[in-house]
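**Q** Need a 3D model of the sequence below.
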Amino acid sequence: MTKVERDKDLRIIEEYCMNEEKKSNFFRDVIVVGFALFSMFFGAGNVIFPPYLGLESGSQWVSGFATYFIADIGLAMLAMFALLRVGSSEAVVSRVAQIPAAVLMSAIILCVGPMVAIPRTSATTYEMAIVPNLSGVSPVVFSILFFALILALCIKESAVVDIVGKILTPLLLLGLFAIIIKGVITPLGEPSALPQIANVAVTGIKAGYQTMDALAALPFGIIVLQSVTAKGYDSGRKQFRVVGGSAVLAGILLLAVYMGLAYLGATVSAQYTNDIGRAQLIMAIIEALMGKVGMVLFWPASPPPWP
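**A** A predicted model of the protein is given here:
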């Protein structure tokens with residue numbers, strides 16, 4: 001073999017290795033970003049709405065869950081892909097003219113920020129993770145510590161996706177699937193024959209919209225785009241592949257978790273009425289399934305610090 005042929009073979013091997021490394025990095029980034037998207041969308045409202053909807057729907061819980069999922073993640077994914085298509089949230093809403101677009105974006109940021117979602121994350125986490133386990137803790141003190149921790153995690157915006165995708169989401173999924181699998185193997189009861197509400201489908205749509213994921217998809221999408229750009233995906237086509245694949249992965253995980261939580265709620269629909277609070281319901285289900293140990297296990301699955 002001549003030196004020229006040997007050098008040519010070496011270049012081919014190097015190119016092959018580089019391509020394989022790029023493929024490996026691509027799939028790794030899709031998984032990390034997909035996990036991060038799952039955790040972002042699975043916020044404070046998402047852990048309490050599906051079980052409550054299952055409780056109200058009884059034997060019709062599948063119908064209620066389907067409309068909930070469409071109004072929640074269906075709209076959120078449409079917003080994500082619209083953002084990918086045009087490149088910015090401003091471009092998405094600008095189709096309705098400049099002033100209405102500015103008003104709409106301001107309303108979205110206020111709703112997923114200080115007016116509704118941010119207080120809800122602290123209040124729900126306190127009610128579900130602190131009250132059952134650490135009685136006597138002041139909600140004011142908890143809120144200060146809670147948001148200080150969130151600030152520390154989110155101070156570098158482009159690092160949020162990696163922190164959430166690599167650390168928080170695995171813990172979240174571990175706790176959630178442990179509870180759901182236990183509830184499927186040993187259900188707490190049979191769904192009631194009749195629902196406790198007049199229109200299951202409409203209630204599912206309302207519950208899905210109340211999570212505000214359709215609104216949060218735009219600011220979340222900006223964070224994700226910044227993260228994948230920092231990872232070297234600088235062209236629109238590459239960004240679409242990474243974020244699109246991540247969105248599909250997040251959608252599948254959310255489908256599994258939401259369906260499981262809705263089913264858990266349906267299994268106790270003959271035991272509770274819809275007078276029970278949403279947070280009380282999920283904690284009652286966890287305690288019935290796994291006892292006090294489950295209450296501790298649920299700490300990793302308590303609502304993440306976003307809407």
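**Q** Could you list the low-confidence segments of the stretch 51-200 of the chain?
**A** Applying pLDDT under 70 to the stretch 51-200 of the chain picks out residues 87-97, 132-133, 156-169.
**Q** 80 instead?
**A** 80, 82-102, 104-105, 108-109, 111-136, 150-173, 175 (pLDDT under 80).
**Q** which residues of it fall in helices?
**A** For the stretch 51-200 of the chain, applying DSSP state H, counting those that start in this stretch gives helices covering 61-69, 75-86, 89-93, 98-110, 117-125, 139-154, 160-163, 169-185, 200-210.
**Q** for the stretch 201-307 of the chain, same thing?
**A** For the stretch 201-307 of the chain, the helices defined by DSSP H, counting those that start in this stretch occupy 213-230, 236-267, 278-297.
**Q** Mean pLDDT, mean neighbour count and distance to Pro119 for those helices - can I get that in JSON lines?
**A** For every residue, glycine as well, the C-beta is placed using N, CA and C. Shown next, in JSON lines, are the helices of the stretch 201-307 of the chain (pLDDT from 0 to 100; neighbours: other CB atoms under 10 Å; distance: least, CB to CB, whole Å):
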{"stretch": "helix 213-230", "mean pLDDT": "78", "mean neighbour count": "21", "distance to Pro119": "15"}
{"stretch": "helix 236-267", "mean pLDDT": "87", "mean neighbour count": "20", "distance to Pro119": "23"}
{"stretch": "helix 278-297", "mean pLDDT": "78", "mean neighbour count": "18", "distance to Pro119": "14"}
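**Q** What residue, apart from its backbone neighbours, is nearest Tyr231 spatially?
**A** To be clear, residue 231 is Lys; Tyr isn't right here. Closest residue in space to Lys231, ignoring its immediate chain neighbours: Asp29 at 5.8 Å, by CB to CB, 6 or more residues apart in numbering.
**Q** Please disregard the earlier target; I meant Phe41.
**A** Nearest to Phe41 is Asp213, by CB to CB, 6+ apart, at 5.0 Å.
**Q** I'd like the distance between the one you found and Asp29.
**A** Asp213 is 22 Å from Asp29, where distance means CB to CB, to the nearest Å.
**Q** For stretch 111-127, could you pull out the residues that count as buried?
**A** Neighbour-count burial for stretch 111-127 flags Val112, Val116, Ala117, Ile118, Arg120, Thr121, Ser122, Ala123, Thr124, Thr125, Tyr126, Glu127 (criterion: 16 or more other CB atoms under 10 Å).
**Q** Ala178: which of those is nearest?
**A** Set against Ala178, the nearest of these by CB to CB is Thr125 (19.0 Å).
**Q** just checking, the closest one touches Phe146?
**A** Yes - in this structure Thr125 lies within contact range of Phe146 using CB atoms under 8 Å: 6.6 Å.
**Q** if we can go back for a sec, JSON lines please, covering the helices of the stretch 201-307 of the chain and showing distance to Thr186.
**A** Output for these, formatted as JSON lines (distance: least, CB to CB, whole Å):
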{"stretch": "helix 213-230", "distance to Thr186": "31"}
{"stretch": "helix 236-267", "distance to Thr186": "10"}
{"stretch": "helix 278-297", "distance to Thr186": "7"}
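**Q** Val62: which of those helices is closest?
**A** Once the helices of the stretch 201-307 of the chain are compared by CB to CB, helix 236-267 is nearest, at 8.1 Å.
**Q** Mind giving me the packing neighbours of that closest one?
**A** helix 3-41, helix 49-57, helix 61-69, helix 75-86, helix 169-185, helix 213-230, helix 278-297 (3 or more CB pairs under 8 Å, 6 or more residues apart in numbering; DSSP states H and E).
**Q** Of those, which is nearest Tyr258?
**A** Going by CB to CB, the one of the helices and strands packed on helix 236-267 nearest Tyr258 is helix 49-57, 4.9 Å.
**Q** can you list contacts of the closest one?
**A** For helix 49-57, contacts defined as CB atoms under 8 Å, 6 or more residues apart in numbering pick out 61, 63-65, 68, 191, 195-197, 200, 203-204, 207-208, 210-211, 258-259, 261-269, 272, 274, 276, 278, 281-282, 285.
**Q** closest to Lys231 out of the helices of the stretch 51-200 of the chain?
**A** Between Lys231 and the helices of the stretch 51-200 of the chain, the shortest gap by CB to CB is with helix 160-163, which sits at 9.0 Å.
**Q** Good, we can wrap up now.
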